[in-house]
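Enquirer: show me the folded form of this:
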Amino acid sequence: MSNRKKLNIALLAPLVSPIAQPFIGGAQAMLHDMALELARRGHKVTLFAAPGSKIEATNPVDAALARQVTLAEVPVKPGELIPADFSKADGYRESDEAFFRQSELFLQTYLRINRAVPTFDIAHAMAYDLPAFAFAPLSGVPTVHTLHIGALDARINSILRTTYLETGKSRATTVSKACAATYAPYFEIDRVIYNAIDTAAIPFGEKGEGFLLFAGRITPEKGPDLAIEIARMAGKKLVLAGGIYDSGFYESKIRPQLEADSNLQYVGQLHRADLFALMSRADGLLFTSRWEEPFGLVMAESMAAGTPVITWRRGAAPEIITHVKTGFLLPYEDMVAAAAVVPNLEEIDRATCRRHIEDNFSWARIIEEYEDYYYSML
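Expert: Presented below is the predicted three-dimensional model:
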């Protein structure tokens, strides 16, 4: 690495929301942290993102790095684009108006990247949007993608397959072997590069304080109602943290239970420092997602805080959690089994959870893998 030149890198964000706290999802949080880590390695970084995006830091050193990241606003208006809905069969539904506006915005952004002075060495897109993939092979700047989502959309799969057949590379990485496997029928992912955790920003909790935690969007696919059922069966208090992204689901399935049960507490969507502090105090995290998670950043964040995880043996969970040592991997939606292992959470060594994340999902390790991928594409 020391003999390689530093790169001028364009990071292209999903445009549906600003890259700012509280983050709408793990991809946004990862992109924010990646901008800082690339700057830490000496690269010049420009983040193309929606208005309101902000690179923040938790210490003076990173505050200086945050000022080195250039923010280039993409002129998207609030509510102009439609978030993916993963409760649907393919997770990708848009109106014609939103789709054409999105296409225009990504086209504008790639043209800005192409004519930038000084020229960019590489562009890295993290948006799961068809125009982000369709325009990329035509760009004069080599462009790569990180797929934070499995092969849900046939149209996007076709675009990536065409790129693969015409160039010999998919120009894409993804965040787990499980996620890569979903694309295998269409094309070969260039590399699997896991998500990373800044453990220095996450306080370590030596002991839980008698409650379970659900942390995630309040939507059917994330399964907060399943977490409520598990906690109730186990006789434990449950704290729920996350933004309400399906108001109908919240009003019909979650709110009535909150009002009827004093052992349930909803704290809303928290900034990361507050969420991490809450994680460090929990006995365990209930990760009850109904869809096969491509990674599940909150699981790694929880273990970094010392808090073991109870989840299903599906998606990327077996790649992140070591069964019995850092959490419990159970059959999908086996509520009885999940409730039964809640008392066993206290037998898990919380320091082992922390070390597991430090050893396998550190930024120092992951950013080197991304750098190597960038240079291979050049």
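
Enquirer: mind checking how far the residue lying farthest from the centre of the chain is from I254?
Expert: Distance from the centre of the chain peaks at A260, with 32.5 Å (CA atoms, centre = their mean). A260 is 11 Å from I254, where distance means CB to CB, to the nearest Å. Bear in mind the C-beta positions are built from the backbone N, C-alpha and C, glycine included.

Enquirer: and the residue lying closest to L81 once chain neighbours are set aside, how far from L270?
Expert: Ranked by CB to CB, 6 or more residues apart in numbering and with sequence neighbours excluded, the top spatial neighbour of L81 is V16, at 4.7 Å. Noted for V16: a distance of 20 Å to L270, by CB to CB.

Enquirer: out of the two, which sits in the more crowded spot?
Expert: V16 (21 against 18; other CB atoms under 10 Å).

Enquirer: ramachandran coordinates for the closest residue to P137 other than its chain neighbours?
Expert: Using CB to CB, 6+ apart and skipping residues adjacent in sequence, the residue nearest P137 is T163, 5.1 Å away. The phi/psi pair for T163 (degrees, to the nearest 10) reads phi -60, psi -40.

Enquirer: just checking, T163 touches N157?
Expert: No: in this structure, T163 is not within contact of N157 by CB atoms under 8 Å, at 10.8 Å.

Enquirer: what touches both of the two?
Expert: F187 (CB atoms under 8 Å, 6 or more residues apart in numbering).

Enquirer: correct me if wrong: L286 contacts A338.
Expert: Yes: with contact defined as CB under 8 Å, L286 reaches A338; the gap is 7.4 Å.

Enquirer: looking at those two, which is more packed in?
Expert: L286 (29 against 24).

Enquirer: if I look at R272, how far off is L213?
Expert: Applying CB to CB, the value for R272 to L213 is 14 Å.

Enquirer: cool, and F100?
Expert: In terms of CB to CB, F100 sits 41 Å off from L213.

Enquirer: more neighbours, these two?
Expert: Under the neighbour definition other CB under 10 Å, F100 and L213 were set side by side, and L213 has more, 29 against 12.

Enquirer: F204 contacts R355, correct?
Expert: No: at 10.4 Å, F204 does not count as touching R355 under the criterion of CB under 8 Å.

Enquirer: mutual contacts of these two, please.
Expert: With CB under 8 Å, 6+ apart, F204 and R355 have no common neighbours.

Enquirer: next secondary structure after whichever helix or strand L275 is part of?
Expert: Using DSSP states H and E, L275 maps to helix 272-281. Proceeding N to C from helix 272-281, the next assigned helix or strand is strand 284-287, under DSSP H and E.

Enquirer: which strands and helices sit next to the longest helix seen in the chain?
Expert: If you go by DSSP state H, the chain has its longest helix at helix 96-114. Under the contact definition 3 or more CB pairs under 8 Å, 6 or more residues apart in numbering; DSSP states H and E, helix 96-114 sits against strand 8-12, strand 44-49, helix 130-134.

Enquirer: contacting residues around the very next helix or strand once past the last one?
Expert: Following the chain from helix 130-134 toward its C-terminal end, the next helix or strand by DSSP H and E is strand 143-147. Counting contacts by CB under 8 Å, 6+ apart, the residues outside strand 143-147 that touch it are 27, 30, 110, 122-126, 128, 132-133, 136-137, 171-175, 179, 183, 189-190, 193, 294, 373-374, 377.

Enquirer: so which of those are in helices?
Expert: Reading helices off those with DSSP H, I get A27, M30, Y110, A132, F133, C179, Y183, Y373, Y374, M377.

Enquirer: neighbour-wise, which one of those residues leads?
Expert: Highest neighbour count within the ones in helices among the contacts of strand 143-147: F133, with 27 neighbours (other CB under 10 Å).

Enquirer: understood, closing this out.
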